[in-house]
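A.B. asks: Give me a model of this one.
(one chain, ligands or ions: 2)
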Amino acid sequence: MHDPEYFDQGDLVAVLTTQPLDRLLDYKAPEGGCFRGAFVEVPLGPRKVMGVVWGPGQGDFDRSRIRSVIRVLDVAPMRDEMRVFLGRAADYTLTPMSMMLRLATRTPGLGDPQSMRKVYRLGEGEPDRQTDARRRVLEVLREYGGLSFTLRELADMAGVTPTVVKGLVKQGVVREEDSPRDLPYPHLDPDLPSKDLSDDQATAAETLRAGLQSQKYGTTLLKGVTGSGKTEVYLEAVAECLRLGKQALVLLPEIALTAEFLTRIEARFGARPAEWHSGVTMTERRRVWRMVGQGDAQVVVGARSSLFLPFRHLGLIIVDEEHDTSYKQEDGVTYNARDMAVLRAAMCGARVVLASATPSLESWANADAGKYDKIELTSRFGPSVMPEMRTIDMRAESMPASTWISPTLRQAVEDRRAKGEQSLLFINRRGYAPVTICRACGHQIGCDNCDARMVEHRFLKRLMCHQCGETKPMPDKCPSCEVEGKLAPVGPGIERLAEEALEAFPDARIVTLSSDMFGSARALKAKIEEIAEGEADIIIGTQLVAKGHNFPNLTLVGVIDADLGLQGSDLRAAERTFQLMRQVAGRAGRAEKPGQALLQTFQPEHPVIRAILSGDENGFWSAEAAERQAAGVPPYGRMAGIVLSGPDVAAVFDLGNALARNDGPLRQIGAQVFGPAPAPIARIRGRHRVRLLVKADKGAPIQDAIARWIAPLRLTGDLRLSVDIDPQSF
Ligand code: ADP
Ligand code: ZN
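C.D. replies: Ligands and ions are numbered 1, 2, ... in the order given. Below you'll find the predicted structure:
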């Protein structure tokens, strides 16, 4: 159908809103008309809601009853490519469009045009009559010094209604001002001198540059061991993108890493880029959203949700550490940022670079099939080499109970210390001990809301559930048998390992790096800088240190429990362990100092452990690929998880069984359904969860079949359903 770009006043337009309705709503274009893609405010029942003009209205019912758009918001209309992207992403993830629109409009004040133009700051004097609410408003303003807020922000932060703020404005105690224009970002200059690239790097950079010049979509897998200089290479692609006058987006899996990364960008381009993640203030977010939309933010460094920013002319998306599982998470919408990056780029003719030392099997397979280009940096930058890798056979080590540093590892750490070099002891477990057990009755303390054990965190002096975040104080007596003084920690977490290290190396400078211990990214960054400058002998770390930090004097990595990830039946366990171990080991050795990685294991002959040691990636991946191919699972088959949840376990299972029985639409495409079975986490926040797994051939139209399969379902009461295409665990 013809889809005009502009609608005159009174023309019918179809508007997509963020309200959970499964259709577009018809309105009349307002005075002055509106463009397709315009952000608008429309009446919905008694309320006003925000929406986007999606296309011409259908007008399939009484035209005279159709209401008018209230106003067009003062932001650039959503670009066509973005509308198409949201549509495709919704189809792919089986997510309602309203939810996709929410992802794309997550900026404060957007639906609130009044508050966007006015900001509020501290005025003078005291209110004529002090109330609790008024006091809170003033407290917020005083606490944040000279900052100004929108009405919404200020009211939310103070926990008051906007009327309270308005009341204070009348008395002059709070000042209302016009919002200043967004401060422009400093210019990033692609032509500042770059580092002298090695031959390998230069070739890789040239290939990426050529891709950008083609101005056509394409994805490149940039593979290279940690320290091989991938970042330097892709920064040259960013430079080329800027020369072409386009915007670049760099996705990072860990916000903790952005500080170090921003410094690198600044060193290369002379200014800091825009940032987008949960740690960014509301005012700054609004600035980013608008500047990105105007094309005035050249580079954005962000978390996965930055894929939904309204880029004016996006030329390049970098997905750093593309294998990282944190790219896939529930965000209301279950999507994998790596896949969405490829989709987003395909919609606007941008290039994608997937960078990793240990790519996901998915990307590996796509490169193999010729869908992605592949560039490999085979050696570390400069004279450094990959560390020597060895196992420590824990069956042969004699050591006291409840200790985890073997004599062999201990000796190796001592050797490094004698040379004035640093060691890293790696354990991928937060907290003090993963289990707290009662030695009188055997009871293990669990979370009241989830099917998970509470983890003792001594640093925070509490028990914590790693599923829902619930914490409670450590009890004095067993909650089950009520015997006192019998609760004991079982197994090591990072805090307990640190305790052991303090005893084992009493005169060493030991630093523990765990996300719990740092209130802010800034504190963490300061700590990391200290370590890099040599202010530590032994670093004890979780996954946090496996990524991206360069410690030049670190020459030994000791993995406390290399078997940890191999337990469980998850088909991806091998892939994850391989990736994590190779990555952690990659922390050891730099420049002229060769490194060593020691893996403590009870099963040194396990094929995954052996593959990690040999570094025979091709062998490992071929074996993995063959196994997945035989099982018909991703990336060689298609899968989807349907998670049903509710407070009543029987009702949830009943619903699951009903779905499993009525699998006609699935059978039509030759797909199979398994389950219902308890979901990988069977209870979260008091809700029981069961999962059905759908498995189909690679080319099967799985989304379409699932949509038809679940369409007749009526979710009553408190039951909920969510779809997870390409689940992480199966
Ligand atoms: P990767 O992203 O593959 O882990 P990086 O790009 O971070 O590797 O490079 C590792 C280290 O080597 C960094 O400290 C980086 O600054 C340095 N480096 C990489 N390439 C060069 C180069 N061509 N000249 C100078 N230093 C380089
Ligand atoms: Zn919990």
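A.B. asks: can you tell me the residue of the stretch 451-600 of the chain closest to ligand 1?
C.D. replies: For the stretch 451-600 of the chain and ligand 1, the shortest gap (Cβ to the nearest ligand atom) falls at N550, measuring 4.9 Å. Where you see a C-beta, it was placed from the backbone N, CA and C, and this is true even at glycine.
A.B. asks: Look up how far G229 lies from that residue.
C.D. replies: 11 Å (Cβ to Cβ, to the nearest Å).
A.B. asks: Can you name the helix or strand that the residue of the stretch 451-600 of the chain closest to ligand 1 falls in?
C.D. replies: Counting by DSSP states H and E, no helix or strand carries N550.
A.B. asks: cool, E153 as well?
C.D. replies: Element membership for E153, per DSSP H and E: helix 151-158.
A.B. asks: Ok, H187 next?
C.D. replies: Going by DSSP H and E, H187 is not in any helix or strand.
A.B. asks: again, but for L141
C.D. replies: Counting by DSSP H and E, L141 is found in helix 132-143.
A.B. asks: Same check on V557?
C.D. replies: Under the assignment here (DSSP H and E), V557 is part of strand 554-559.
A.B. asks: right, is whichever helix or strand comes after that strand up against ligand 1?
C.D. replies: Using DSSP H and E, the helix or strand that directly follows strand 554-559 along the chain is helix 573-585. No - between helix 573-585 and ligand 1, judged by Cβ under 6 Å from any ligand atom, nothing touches; the nearest distance is 9.8 Å.
A.B. asks: angle of the helix holding E153 against helix 132-143?
C.D. replies: In terms of direction (axes from the mean of the first three to the mean of the last three Cα atoms, to 10 degrees), helix 151-158 departs from helix 132-143 by 100 degrees.
A.B. asks: P676 in helix, strand or coil?
C.D. replies: strand (DSSP: H, G, I helix; E, B strand; the rest coil).
A.B. asks: list the buried ones in stretch 407-419?
C.D. replies: Using 16 or more other Cβ atoms under 10 Å as the test for burial, stretch 407-419 gives 408-410, 412-413, 416-417.
A.B. asks: got it, and stretch 238-251?
C.D. replies: Buried residues in stretch 238-251, defined by neighbour count with 16+ other Cβ under 10 Å: 238-242, 244, 246-251.
A.B. asks: ok, back up a step: which helices and strands does the helix holding E153 pack with?
C.D. replies: Judged by 3 or more Cβ pairs under 8 Å, 6 or more residues apart in numbering; DSSP states H and E, the packing partners of helix 151-158 are helix 113-117, strand 118-122, helix 132-143, helix 162-170.
A.B. asks: any chance of those in a markdown table, plus mean neighbour count?
C.D. replies: Below are these laid out as a markdown table (neighbours: other Cβ atoms under 10 Å):
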| stretch | mean neighbour count |
| --- | --- |
| helix 113-117 | 17 |
| strand 118-122 | 19 |
| helix 132-143 | 16 |
| helix 162-170 | 17 |
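A.B. asks: weakest of those by average pLDDT?
C.D. replies: Of all the helices and strands packed on helix 151-158, mean pLDDT reaches its minimum on helix 113-117 (a mean of 50).
A.B. asks: ok, back up a step: specify which member of the buried residues of stretch 407-419 is nearest to Q19.
C.D. replies: Top of the list for closeness to Q19, among the buried residues of stretch 407-419 and by Cβ to Cβ, is L409 at 57.6 Å.
A.B. asks: which residues touch the closest one?
C.D. replies: 392, 425, 558, 598, 600 (Cβ atoms under 8 Å, 6 or more residues apart in numbering).
A.B. asks: For those, work out which two are farthest apart.
C.D. replies: It's I392 and L425 that sit farthest apart of the contacts of L409, by Cβ to Cβ, at 12.4 Å.
A.B. asks: how near is D80 to V52?
C.D. replies: Between D80 and V52 the distance is 11 Å, computed by Cβ to Cβ.
A.B. asks: Give me the common contacts of these two.
C.D. replies: What both D80 and V52 touch, as defined by Cβ under 8 Å, 6+ apart, is the set G37.
A.B. asks: Spell out which residues of the chain are next to ligand 1.
C.D. replies: Within the chain, the positions near ligand 1 by Cβ under 6 Å from any ligand atom are 195-198, 201, 224, 226-232, 381, 550.
A.B. asks: can you list the domain ranges for the chain.
C.D. replies: Split into domains by the TED database, the chain comes to 6-105, 116-180, 199-377, 388-434+491-625, 637-725.
A.B. asks: what's the most buried one of those?
C.D. replies: domain 199-377 (a mean of 21; mean count of other Cβ atoms under 10 Å).
A.B. asks: pLDDT of it, averaged?
C.D. replies: Domain 199-377 comes out at a mean pLDDT of 91.
A.B. asks: How far off centre is that domain?
C.D. replies: From the chain centre to the centre of domain 199-377 is a distance of 14 Å (Cα atoms, centre = their mean, to the nearest Å).
A.B. asks: cool, stretch 531-541 as well?
C.D. replies: With Cα atoms, centre = their mean, you get 27 Å for stretch 531-541.
A.B. asks: That stretch spans what distance, first to last residue?
C.D. replies: Across stretch 531-541, the terminal residues are separated by 12 Å (Cα to Cα, to the nearest Å).
A.B. asks: Bridged to L122, which residues?
C.D. replies: Counting by DSSP bridges, L122 is bridged to V174.
A.B. asks: show me the contacts for it.
C.D. replies: So L122 contacts 138, 141-142, 146, 174-175 (Cβ under 8 Å, 6+ apart).
A.B. asks: Quick check: the farthest pair among those residues?
C.D. replies: For these, and using Cβ to Cβ, no pair is farther apart than L138 and G146, which are 14.3 Å apart.
A.B. asks: still on that earlier bit, most widely separated two among the residues of the chain next to ligand 1?
C.D. replies: The largest distance within the residues of the chain next to ligand 1, taken as Cβ to Cβ, falls between D196 and T226 and amounts to 20.6 Å.
A.B. asks: so Q171 touches P127, yeah?
C.D. replies: Yes - the pair Q171 / P127 is scored as a contact, 5.7 Å apart, by Cβ atoms under 8 Å.
A.B. asks: Can you identify each of the strands in the stretch 151-300 of the chain by residue range?
C.D. replies: 174-178, 218-224, 247-251, 274-276, 299-302 (DSSP state E, counting those that start in this stretch).
A.B. asks: for V15, phi and psi?
C.D. replies: phi -120, psi 130 (degrees, to the nearest 10).
A.B. asks: what's the answer for the one 3 residues further on, then?
C.D. replies: Main-chain dihedrals, T18, degrees, to the nearest 10: phi -90, psi 10.
A.B. asks: Would you agree it is in contact with M100?
C.D. replies: No - applying Cβ under 8 Å, one finds T18 not in contact with M100, separated by 9.5 Å.
A.B. asks: Go ahead and confirm L361 touches V633.
C.D. replies: No - using Cβ under 8 Å, L361 is not in contact with V633; the gap is 10.1 Å.
A.B. asks: who does the helix holding L141 touch, helix- and strand-wise?
C.D. replies: Using 3+ Cβ pairs under 8 Å, 6+ apart as the contact test, the elements touching helix 132-143 are strand 118-122, helix 151-158, helix 162-170, strand 174-178.
A.B. asks: Fine, thanks again, bye for now.
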